[in-house]
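Q: sequence first, predicted coordinates after that:
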Amino acid sequence: MSEGRSSRRSSQAITMGMVAERAGVSPMTVSNIINNRKRVLESTRAAVMKAIDELGYVPNFAAQALASAASIRVGFLYHNIENAFLSALLVGALSGTTRKGAQLLIRPYETLDLDIIRNELKALIRSGANGILLGAPVCEMLDELGRDAFDVPLMAMAPGAEVVGVPSVMIDNVAAAREMTDHLLAMGHRRIAFIRASPEHLVRASRYEGYSDALAAAGIVIDPTLVVDGTMTFESGLAAAAILLNRTDRPSAIFASTDDMAAAVVSVAHRMGFRVPEDLSVVGFDDSPIAIKIWPTLTTVRQSGSAIAERATIELIERLRAPSIRSLDPIYLPHQLVHRGSVAAPSAARSRRIAPVR
């Protein structure tokens, strides 16, 4: 074998990812520099060219042209795969990449630690992700993470409110919570309790805002003791329900910020001897699978995680293929109030006292 052929085979074994790792940048940055697609710092360009020279990398422009036409890689950072809404987001992202002929790269993070999340995002980029899909609450933490550290396009999925500087696909959480509260008011409820979401989620504020707006429009002054904090889990819903239902002046309806917490309220109500919905109406948010697994089935707000993720994925891929698309305006998908068996008009029986639950 000649020296020239051996050298050529060696250079072909060197990948753009290896160059990116040597230069300490993302593969997209290497691609932009090689193809003169984007202005970069001269120090960055110098580092990439030095890595190319040291590794003997020879760009395969034919392969790059083919890849740019079809093989876009979309990164997806996830946590708690057992969460039903997250599973729906994954299904939607997979559907979107399949429809657009792209690849989906997924990577987990263990906790909401900024350093861990930052490192996992960078690992996704090093593995070849051209753009990244971010669900809540990570998409809502970009200022703390330092968004400038990630030189690939980002897309937020189902944030609780608009994320400044990042395009997103979402529902109008304020409007949805307002409509659900209006529904309870129309049924005759006036003492409506609210279980808020975790502080790290923007839905804590947006869904509470919708609840507050509806009560204010009805001329009802919010009783702060009827607003209880949760962490969006079933367990936190148990604790919140115990606080609300052990009151002598308990509410006639409870609006929980997630279906898991609403299901917990129904469970506690049953244990205390209250009938749902005759003695207590309960509503949730998201229309997750648990909404139809409890009795009575849960009245809730439906937002389709799969539809949100599929639209977000397609939008991100289109932006990657047409960088001239730069709008940061959020894309709002419709929500729906799903009426089931957990809501009825308030009953005079709600004033009866039941033995406390601990």
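A: Yes, it's here. Numbers count the residues shown, from 1 in each chain.
Q: next SSE after the helix or strand bottoming out on mean pLDDT in the chain?
A: Least confident helix or strand, the chain: helix 3-13 with a mean of 43, by mean pLDDT, DSSP states H and E. Heading C-terminal from helix 3-13, the first helix or strand you meet, by DSSP states H and E, is helix 16-23.
Q: shaky segments in the chain?
A: Filtered on pLDDT under 70, the chain yields the residue ranges 1-13, 35-39, 58-70, 80-83, 348-358.
Q: who's the spatially most central residue of it bridged to?
A: Central residue of the chain (Cα atoms, centre = their mean): G135, 2.7 Å from the mean position. Beta bridges link G135 to M157 when assigned by DSSP bridges.
Q: quick one: it and A88 touch, right?
A: No. In this structure G135 lies outside contact range of A88 using Cβ atoms under 8 Å: 10.3 Å. (Each C-beta comes from the backbone N, C-alpha and C, glycine too.)
Q: overlap of the contact sets of these two?
A: Common contacts of G135 and A88 (Cβ atoms under 8 Å, 6 or more residues apart in numbering): none found.
Q: how about the contacts made by E120?
A: Listed by Cβ under 8 Å, 6+ apart, the contact set of E120 reads 77, 107-109.
Q: same thing with V228?
A: Neighbours of V228 in contact, by Cβ under 8 Å, 6+ apart: 193-196, 240, 243-244.
Q: give the burial count for I243, as a bare number.
A: By other Cβ atoms under 10 Å, 15 other residues sit near I243.
Q: quick check: closest non-adjacent residue to it.
A: V228 (5.4 Å; Cβ to Cβ, 6 or more residues apart in numbering).
Q: partners of the helix or strand hosting that neighbour in the sheet?
A: Element membership for V228 (DSSP H and E) is strand 227-229. Using DSSP bridges, the strands paired with strand 227-229 are strand 192-196 (parallel).
Q: what residues sit buried inside the strand it pairs with?
A: Buried residues in strand 192-196, counted by 16 or more other Cβ atoms under 10 Å: 192-196.
Q: which of those residues lies closest to I72?
A: R196 (38.5 Å; Cβ to Cβ).
Q: okay, the angle between the helix or strand following the strand holding V228 and strand 192-196?
A: Using DSSP H and E, the helix or strand that directly follows strand 227-229 along the chain is helix 234-245. Counting by axes from the mean of the first three to the mean of the last three Cα atoms, to 10 degrees, helix 234-245 lies at 150 degrees to strand 192-196.
Q: pull out the buried positions in helix 234-245.
A: By 16+ other Cβ under 10 Å, the buried positions in helix 234-245 come out as 234, 236-242, 244-245.
Q: switch those residues over to JSON lines; also include distance to S306.
A: Formatted as JSON lines, the buried residues of helix 234-245 follow (distance: Cβ to Cβ, whole Å):
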{"residue": "F234", "distance to S306": "22"}
{"residue": "S236", "distance to S306": "26"}
{"residue": "G237", "distance to S306": "24"}
{"residue": "L238", "distance to S306": "29"}
{"residue": "A239", "distance to S306": "31"}
{"residue": "A240", "distance to S306": "29"}
{"residue": "A241", "distance to S306": "29"}
{"residue": "A242", "distance to S306": "34"}
{"residue": "L244", "distance to S306": "33"}
{"residue": "L245", "distance to S306": "34"}
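Q: is it true that R118 touches L142?
A: No. In this structure, R118 is not within contact of L142 by Cβ under 8 Å, at 10.5 Å.
Q: neighbour count winner among the two?
A: The residue with more neighbours, out of R118 and L142, is L142; 20 against 17, by other Cβ under 10 Å.
Q: quick one: residues contacting the closest residue to D287 other than its chain neighbours.
A: Excluding the flanking residues, the one nearest D287 by Cβ to Cβ, 6+ apart is R302, at 3.7 Å. Applying Cβ under 8 Å, 6+ apart, we find R302 in contact with 286-287, 335-338.
Q: any idea where the helices of the stretch 151-300 of the chain begin and end?
A: All helices of the stretch 151-300 of the chain, identified by DSSP state H, counting those that start in this stretch, fall at 173-186, 203-217, 234-245, 259-272.
Q: nothing else from me, thank you.
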